[in-house]
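1. Give me a model of this one.
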Amino acid sequence: MVDNQTVLLTIESAERDTPRCSCGRPTIPVAEGDGSVWLECSSLTAPKSAVRRLFDLTSAHTRLEIVPVA
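-> Predicted coordinates:
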């Protein structure tokens, strides 16, 4: 079983190792409903127009699973 301290250190390490996406926007940890935590580009959680959503589909933004489902 993974304890809270280990999860916190894992998240902090991922943020330190990958502070920015290839597009230049900051990365942020995002908790999913299944208990996993992902480090992803902050642009992926921002409201978008249809054109922006299409652009996001064609570009490679950071999205890394840093805390898998237990």
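2. Pretty sure residue 63 sits against residue 38.
-> Yes. With contact defined as CB atoms under 8 Å, residue 63 counts as touching residue 38 (5.9 Å). No exception for glycine: its C-beta is placed from N, CA and C like everyone else's.
3. do you know how far residue 15 is from residue 44?
-> Between residue 15 and residue 44 the computed distance is 15 Å (CB to CB, to the nearest Å).
4. Same question for residue 18.
-> In terms of CB to CB, residue 18 sits 14 Å off from residue 44.
5. and what of residue 51?
-> 16 Å.
6. and if you look at residue 16?
-> Residue 16 is 20 Å from residue 44, by CB to CB.
7. So if I had to pick from these two, which one is more boxed in?
-> When residue 16 and residue 44 are compared for neighbours, residue 44 comes out ahead with 17 against 8, by other CB atoms under 10 Å.
8. Need the pLDDT of the more buried one.
-> Per-residue confidence (pLDDT) for residue 44: 81.
9. Which secondary structure state does the residue nearest to it when sequence neighbours are not counted sit in?
-> Spatial nearest neighbour of residue 44, chain neighbours left out: residue 61 (5.8 Å); criterion: CB to CB, 6 or more residues apart in numbering. In three-state terms, and counting by DSSP: H, G, I helix; E, B strand; the rest coil, residue 61 is coil.
10. Renumber starting at 662 from here on
-> From this message on, residue numbering opens at 662, which makes the last subject residue 722.
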